[in-house]
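Undergrad: Provide a 3D model corresponding to the input given below.
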Amino acid sequence: DTQSTNKIVSRGSQFTDDPLESRLVQSTKAPKMVERSAARLEQLENKSNDPHQSLAVHTESTIATDYTAVIESNYRQLQRAWHQDEKVQALKLALQTARFLGNSKPGYYPALFVLATQVLDCFGSFVYQRIAAKSKSAIADAKETCRNWFYKTACIRELVPRFYVEAALLKCYLFLAPPSELPRITARLGYSIRGLGDPVVAAYARAYLGRRARELEAQFVLSSTNPLLSDPASSQSTSLGQTNFTLPTTLSHTPQKYAVTMVRDFLFGFKALKRSESAIPKSIPASKWLLSCAALEMGDIEFDSVLAQYRDYCNDAGILMQIVKASDPRLVARRAAALVTLAKRAEPSAGTSTVQLMGALGASFAIVPPPIKAHRLPVLNEVWKVVARCNDLADYVDCATHWLDALLHHYSDREVKLLLSDVIEHVEAAVKRGELALPGAGGGSISDQVSEERMNNSKQRLAAERLEDLVQLIVQAPSSSAVAKESASSSLKKQEPPYAVVLAS
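TA: Numbers count the residues shown, from 1 in each chain. Alright, predicted model coming up:
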């Protein structure tokens, strides 16, 4: 009616959760209301009115403390604005903060991401709590308020702020959609990330969506008595406030399926990361988190698809090591030969060598070995063709330690003796090169006998520490390898004093 319409129009740019406004959006006067909402959002996005806009364009003089101060200020202002019922200001602050995530040039972008997403999480939590409070008394009003928030979000023009604000509000979809629709919503947001041109920004956007989807899955279980989640296809209502809803157990009905899709998208765009030397190190935290989310529900089919995407578009040792560490060891064990082949072909990346990758495989096989015993020895032989040529003692000993653990549990004493013989050869070669030196009489641990000035070389210190770890593993070997353990002890006793190795100056 005319009076109600005039009343809403007279409110100007003030934000409202009035359900009537949401219904007007769907009325015959919807175009005018959409234009009015767009005008309000344009005012929020007006860069000339943004006192912090200068930080959105990175310059060399911009330092981490500038971003930190602004984001922390936004966090405090958002809390104050929300408690003072200034919803438009809270949304504005969320948009300002999300814009910072559209520029990955700062070397401290991972820290910037953590700070910015804390502000967005706070904003999403406030909106969810407000709607949840309304749902206790008026379910219809709660749904209208929820729709109103998503209408506002859909009008945001820039992709990065629109994505992050909607991802922050992802849990609010519980008030609008049945559980069977939530994976589709998560997938739609995941597909929108493909429109981000910066691969680092895209990697962190996928990580954030993966985390929000993971929290949403937990909310499935916690909200089993929420009347707004009644879905005839997946639950049976016994009363207004009770349902028999349970979280689906199959991969095809859970949000993590789309984390797998986002992993494939990340691997597909990995070549773009290689164009910048700093891009890959900056994306490592995001890829680790994304893989941890995807691994929760990754089955054989999904794991094979991820490996195929890696083989075709990535071929990076660091990424393959993350895949191995994040995945179920049973999946890794069933593809032992294929993974060793991929590891041999992988290009070493910053901080990850081929030998380190082989060590990660050994750590996984120590938990679950290749299921076919006839394949275990060929896999070990293929791995050691690469590891035996390693001249970096720290990497070699670390890899040998992981594989010794696997051999002690799943191989025969013969393989254990051969590996220990190879370790001794590498240690003797390091002594001849001057990288390691036998200590004087008195024995003791490595760390006790190495003088402070000799510990300056971190690489050599790491080699000594890992050699100690290997010796401890031998000492704690299971009784089933007592013969190999005795052989190892007698071989190492040739060193005087036993097991002690110190760094050369």
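
Undergrad: pLDDT below threshold where in this structure?
TA: For the chain, the stretches with pLDDT under 70 are 1-62, 218-256, 436-464, 466-467, 470-505.

Undergrad: pull out the buried positions in the longest helix seen in the chain.
TA: For the chain, the longest helix by residue count, based on DSSP state H, is helix 109-135. Using 16 or more other Cβ atoms under 10 Å as the test for burial, helix 109-135 gives 109-110, 112-113, 115-117, 119-124, 126-128, 130-132, 134-135. Every residue, glycine included, has its C-beta placed from N, CA and C.

Undergrad: ok, then the element right after that helix?
TA: Sequence-wise, the next helix or strand downstream of helix 109-135 (DSSP states H and E) is helix 139-154.

Undergrad: and after that following helix, which helix or strand comes next?
TA: On the C-terminal side of helix 139-154, the closest following helix or strand by DSSP H and E is helix 159-168.

Undergrad: which elements pack onto that next one?
TA: Other elements packing on helix 159-168 under the criterion 3 or more Cβ pairs under 8 Å, 6 or more residues apart in numbering; DSSP states H and E are helix 87-99, helix 109-135, helix 139-154, helix 182-192, helix 199-222.

Undergrad: dump the ones you listed into TSV; add distance to residue 414 as well.
TA: Below are the helices and strands packed on helix 159-168 laid out as TSV (distance: least, Cβ to Cβ, whole Å):
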stretch	distance to residue 414
helix 87-99	60
helix 109-135	46
helix 139-154	64
helix 182-192	50
helix 199-222	45
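
Undergrad: mind listing the strands for this protein?
TA: 237-239, 242-243, 436-437, 502-503 (DSSP state E).

Undergrad: which strands and helices lie in contact with the longest helix of the chain?
TA: Where contact means 3+ Cβ pairs under 8 Å, 6+ apart, helix 109-135 is packed against helix 64-83, helix 87-99, helix 139-154, helix 159-168, helix 199-222, helix 279-295.

Undergrad: relative to residue 365, which of those helices is closest?
TA: Residue 365 lies closest, by Cβ to Cβ, to one member of those: helix 279-295, at 17.3 Å.

Undergrad: ok, residue 429 - how many residues close by?
TA: A total of 14 residues lie near residue 429 under the criterion other Cβ atoms under 10 Å.

Undergrad: rewinding a little: closest to residue 340 out of the helices and strands packed on helix 159-168?
TA: Comparing the helices and strands packed on helix 159-168 against residue 340 with Cβ to Cβ, the closest turns out to be helix 199-222 (27.1 Å).

Undergrad: list the contacts of the closest residue to residue 97 other than its chain neighbours.
TA: Spatially, and ignoring its direct neighbours in sequence, residue 97 is nearest to residue 119 (4.5 Å; Cβ to Cβ, 6 or more residues apart in numbering). Residue 119 makes contact with 71, 74-75, 78, 93-94, 97, according to Cβ atoms under 8 Å, 6 or more residues apart in numbering.

Undergrad: just these now: which is nearest residue 150?
TA: Nearest to residue 150 among the contacts of residue 119 is residue 94, at 14.0 Å by Cβ to Cβ.

Undergrad: from residue 166, how far off is the closest one?
TA: To residue 166, residue 94 is 11 Å away according to Cβ to Cβ, to the nearest Å.

Undergrad: and these two? which has more neighbours close in?
TA: Set residue 94 next to residue 166 and count neighbours by other Cβ under 10 Å: residue 94 wins out with 27 against 23.
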